[in-house]
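J.: output the structure for:
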Amino acid sequence: QVQLVESGGGLVQPGGSLRLSCIASGIFFKLNDMAWYRQAPGKQRELVATITTGDSTNYEKSVRGRFTISRDNAENTVFLQMNSLKPEDTAVYYCSTGSIIGGNWFKSSDYWGQGTQVTVSS
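T.: Okay, the predicted model is just below:
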């Protein structure tokens with residue numbers, strides 16, 4: 001059974017950086033495409049970044065050039081390096097397993113971890 005544990009969130013000033021981590025268990029990690037989502041207060045959860053098993057990446061337009069998704073298959077971990085943070089990046093961040101087919105992301109299941117809170121504020 002898949003388990004995803006996110007960490008690394010916190011309070012940071014605008015322009016600052018954070019690195020999020022997500023450790024996966026219960027899956028063959030290296031065979032899964034991975035993604036990060038976020039959910040801001042009062043808004044729907046949105047897809048932020050994806051990474052394939054071959055390390056191809058894609059980003060939501062508002063974070064492109066500021067966020068970097070990466071993975072360490074030996075550690076069953078996916079990362080999200082977030083630079084030049086803005087107040088509108090404030091959200092709970094979640095990782096997810098899935099597949100990218102025809103350029104589209106498909107989440108593997110309805111499972112969500114507990115997420116990690118990122119707050120960008122002066």
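J.: now residue 30: how far from residue 51?
T.: Between residue 30 and residue 51 the computed distance is 12 Å (Cβ to Cβ, to the nearest Å). (C-beta placed from N, C-alpha, C; glycine too.)
J.: the two: who's more crowded?
T.: Taking residue 30 and residue 51 together and counting by other Cβ atoms under 10 Å, residue 51 has the greater number of neighbours (22 against 10).
J.: the more buried one bridge partners, please.
T.: Residue 51 has the following beta-bridge partners by DSSP bridges: residue 34, residue 57.
J.: quick one, what contacts it?
T.: Counting by Cβ atoms under 8 Å, 6 or more residues apart in numbering, residue 51 touches 33, 34, 35, 57, 69, 70, 71, 78.
J.: repeat the analysis, applying 6 Å as the threshold.
T.: Residues in contact with residue 51, defined by Cβ atoms under 6 Å, 6 or more residues apart in numbering, are 34, 57, 69, 71.
J.: least confident secondary structure element in this structure?
T.: Within the chain, no helix or strand scores below strand 104-107, which has a mean of 90 by mean pLDDT, DSSP states H and E.
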